[in-house]
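Asker: Next input, structure requested:
(2 chains)
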Amino acid sequence: MYLDLFNKDILVAGCGNSLLGDDGFGPAVIKSLEAQNILADHIGLLDAGTSVRELLFDLLLSSTIPKRLILIDAVQHSNVLPGEIIRIDIDQIPENKVADYSLHQFPTINMLKELRDASVIDIELYGVQIDNIPQMVKPGLSKPVKKAVLKLCNLIKLKVYDPEFISCNRESA
Amino acid sequence: MGKVINIQPITRIEGHASIHIQLDDQGNVQETKVAFKSLRGFEKFVEGKPAEELPRIVSRICGICPWMHHIASNKAVDACFKVTPPPAGNLLRELMLTVAHIEDKLLHFFFLAGADFFLGPEYDYSVRNIMGLVKANPELAQKVIKMRHKAKMVLDRFSKKTIHPVAGVPGGFIKPLSIEDRKIFLDNLTELLDFALFALEYAKKEVFPKFGEFYPGLGEITTGFIGMVDNKGAMNLYDGNIRLMKPDGSCKEFRPDEYLDHLAEKVIPFSYGKFPYAKSWGEGFSMDLNAPKGIYRSNTLARINVADRIATPRAQAELEEFRDQHGRPAQSTLLYHYARLIEEVYTCERAIEILKDPRIISPKIRTKVEPCAGRGVGCVEAPRGTLIHDYSTDENGLITRVNLIVGTTHNLAPINLSVDRAARDLIKNGVYDDVILNKIEMAVRAYDP
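Answerer: Purely as a prediction, here's the structure:
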């Protein structure tokens, strides 16, 4: 259940709308990891869909939170090939004003920074370079992004069993 | 041509909402536009799909109101297939919808709009946020956090899937409520009601007086209103007729499946979202600030205005006090926040009523459905307004046509008017600063778009 995920050591959340082409990358990674059913109990998986802002909000305000948060999203950078996986440094994201009209505004870099700065959670953000996000509703990943699903699943599996990663200390994070 | 001020959020692909203010050569506001992006092409995409799949698909339309879309969709499919859920099925759906409202209102009032009121619009943007609020008033913030989790726990424990829910099904609900869960939920809801009453008293003392003092007339406009009422004219979030109120307070009521006789949508060049207006008023559509035509508002203030009464005692007492002070219809945009907290009391009381209803633990939660040709309109009140799902199916139960009117879209024209009002009142001779721009954003936030 959703709130149980906050008691996990590591939470892996996939963001994006699976109705909109490559934007469905994050949920597809979670679906694939769930189907493999090989992750230990201390690792939580969440298809955050279009509700990532609410998840971040809940994490910001909860007394019990995971030690590590791995967020997966689709991104559009220049000079990057479709399907390439990029580890994003939250501090490198431009310090622009991010509107706070409502929870409909996502992915909410400000909340990620607040979460990282105000709490003791360690956040890793992975993006896949999109090939195409359609203007109209159209589910289905492009070929290069579909390939990237397995690649990122393997990376996450290595990561969550890396002793150094697991031993992350809340106080020092 | 004067300067252009853009207040535009940064999001992954493009802005979901942006404010564009055109100044004239003297630095006064010539024109404002608030553009919203919306999920496009959804109606076409679902054509040909089995109707029973739609409740699961539509919960992906919106990350904030998935429950409301899910339940409106189930109601639309029920009507296409000509089935009525058993009482327990309807009560369970209403319970989930009501608790989703409780959670949403706490979040909005205290943490989205709250930073403006508790910290003030003059606060530095970098600390005028959720964590700033938590630091400024840790005791209150902790209370809100605890209560929000209590509401979330009800949705989570019972449905197992709070994001993109699947617990509602055509004909009813997927599982019955156990006696154990019922007791736990009642305890949670009782605490939530206590907190809702505390929150309203707190806001009456600490927040609402600031409206007149610091933000006189902010984004104030005069419009009609829309919302659902039951057959006795009382507010109802789950079922009933749609009531459309003119700015003078006169009302027309109609069944949800008659909405096309009363509402129409206008395509506006600068926005992907279509702007609904009151077709049945016969005056057309105009966003002229001095003579708006066909414009009505949805969301909390609208529901408070259109309802003759609220069918739960504590919320009714609060409504009476509200009307003594602000009349009916109340027009001030910032009163959306006051109405939001009255609704919070109502939703807590209503959820308790539902849980105490002996029919809710019945194991008969679903009526058998057979796909068939038909048309069905499912309507519920989402936090942001009257949500309409209108489906048609062929003889195999496959979707042939879909039309959606989403809560927020009712308010697209009013938000534009309120922002225009606020911008014209606050920006004079080219003088503006971050505090003024934030006040203009507050006119948007009141609607909780």
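Asker: Could you measure from the closest residue to residue B:426 other than its chain neighbours over to residue B:425?
Answerer: Among residues not flanking residue B:426 along the chain, residue B:436 sits closest, at 4.8 Å (C-beta to C-beta, 6 or more residues apart in numbering or on different chains). Yep, even glycine has a C-beta here, placed from its N, CA and C like the rest. Residue B:436 sits at a distance of 10 Å from residue B:425 (criterion: C-beta to C-beta, to the nearest Å).
Asker: Over to residue B:174?
Answerer: 51 Å.
Asker: picking that back up, what's the offset of the helix or strand containing the residue nearest to residue B:426 from the middle of its chain?
Answerer: Taking DSSP states H and E as the criterion, residue B:436 maps to helix B:434-445. The chain centroid and the centroid of helix B:434-445 are separated by 20 Å under C-alpha atoms, centre = their mean, to the nearest Å.
Asker: quick one: stretch B:285-304 to chain centroid distance?
Answerer: 15 Å.
Asker: hang on, I meant stretch B:347-359
Answerer: Distance of stretch B:347-359 from the chain centroid (C-alpha atoms, centre = their mean) equals 21 Å.
Asker: Can I get it in PDB? Just the C-alpha atoms.
Answerer: Coordinates of each C-alpha in stretch B:347-359 appear next as PDB, following Å, rounded to 0.1, in the frame of the first residue of the first chain:
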ATOM      1  CA  THR B 347     -17.300  16.000   3.900                       C
ATOM      2  CA  CYS B 348     -16.200  14.800   7.300                       C
ATOM      3  CA  GLU B 349     -19.800  14.700   8.600                       C
ATOM      4  CA  ARG B 350     -21.000  13.000   5.400                       C
ATOM      5  CA  ALA B 351     -18.300  10.400   5.500                       C
ATOM      6  CA  ILE B 352     -19.300   9.600   9.100                       C
ATOM      7  CA  GLU B 353     -22.900   9.400   8.100                       C
ATOM      8  CA  ILE B 354     -22.000   7.000   5.300                       C
ATOM      9  CA  LEU B 355     -20.000   4.800   7.600                       C
ATOM     10  CA  LYS B 356     -22.800   4.600  10.100                       C
ATOM     11  CA  ASP B 357     -25.300   3.600   7.500                       C
ATOM     12  CA  PRO B 358     -25.900  -0.100   8.200                       C
ATOM     13  CA  ARG B 359     -26.200  -0.900   4.400                       C
END
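Asker: center of chain A - which residue?
Answerer: For chain A, the residue nearest the mean C-alpha position is residue A:71 (1.6 Å; C-alpha atoms, centre = their mean).
Asker: Flag the shaky bits of the chain, pLDDT-wise.
Answerer: In the absence of a named chain, this looks at chain A. For chain A, residues meeting the criterion pLDDT under 70 lie at A:92-110, A:164-173.
Asker: I was after chain B.
Answerer: B:1, B:8-17, B:37-40, B:63, B:120-131, B:448-449.
Asker: In it, where's the longest helix?
Answerer: For chain B, the helix with the greatest residue count under DSSP state H is helix B:179-206.
Asker: Quick check: buried residues in the helix or strand that that one is followed by?
Answerer: Remark: after helix B:179-206, the chain's next helix or strand is helix B:208-214, criterion DSSP H and E. By 16 or more other C-beta atoms under 10 Å in any protein chain shown, the buried positions in helix B:208-214 come out as B:208, B:211.
Asker: Packing partners of helix B:208-214?
Answerer: If you count contacts as 3 or more C-beta pairs under 8 Å, 6 or more residues apart in numbering or on different chains; DSSP states H and E, helix B:208-214 packs onto helix B:335-356.
Asker: Chain neighbours aside, what residue packs nearest to residue B:203?
Answerer: Leaving aside its sequence neighbours, residue B:203 sits nearest to residue B:341 (C-beta to C-beta, 6+ apart; 5.6 Å).
Asker: Count the neighbours of that neighbour for me.
Answerer: By other C-beta atoms under 10 Å in any protein chain shown, the residues close to residue B:341 number 26.
Asker: circling back: between residue B:174 and residue B:425, which is the more surrounded one?
Answerer: When neighbours are counted by other C-beta under 10 Å, residue B:174 and residue B:425 differ, and residue B:425 comes out ahead with 18 against 15.
Asker: so where does the more buried one fall, helix or strand?
Answerer: Take DSSP H and E as the rule and residue B:425 turns out to sit in helix B:412-426.
Asker: Dump that helix to PDB, keeping only the CA atoms.
Answerer: Listed next in PDB are the C-alpha coordinates belonging to helix B:412-426 (Å, rounded to 0.1, in the frame of the first residue of the first chain):
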ATOM      1  CA  LEU B 412     -11.000  28.900 -17.000                       C
ATOM      2  CA  ALA B 413     -12.900  32.100 -18.000                       C
ATOM      3  CA  PRO B 414     -13.400  33.200 -14.400                       C
ATOM      4  CA  ILE B 415      -9.700  32.700 -13.700                       C
ATOM      5  CA  ASN B 416      -8.800  34.900 -16.700                       C
ATOM      6  CA  LEU B 417     -11.300  37.500 -15.400                       C
ATOM      7  CA  SER B 418      -9.900  37.400 -11.900                       C
ATOM      8  CA  VAL B 419      -6.300  37.700 -13.000                       C
ATOM      9  CA  ASP B 420      -7.300  40.600 -15.300                       C
ATOM     10  CA  ARG B 421      -9.000  42.300 -12.400                       C
ATOM     11  CA  ALA B 422      -6.100  41.800 -10.000                       C
ATOM     12  CA  ALA B 423      -3.500  42.900 -12.600                       C
ATOM     13  CA  ARG B 424      -5.400  46.000 -13.500                       C
ATOM     14  CA  ASP B 425      -5.900  46.900  -9.800                       C
ATOM     15  CA  LEU B 426      -2.300  46.300  -8.800                       C
END
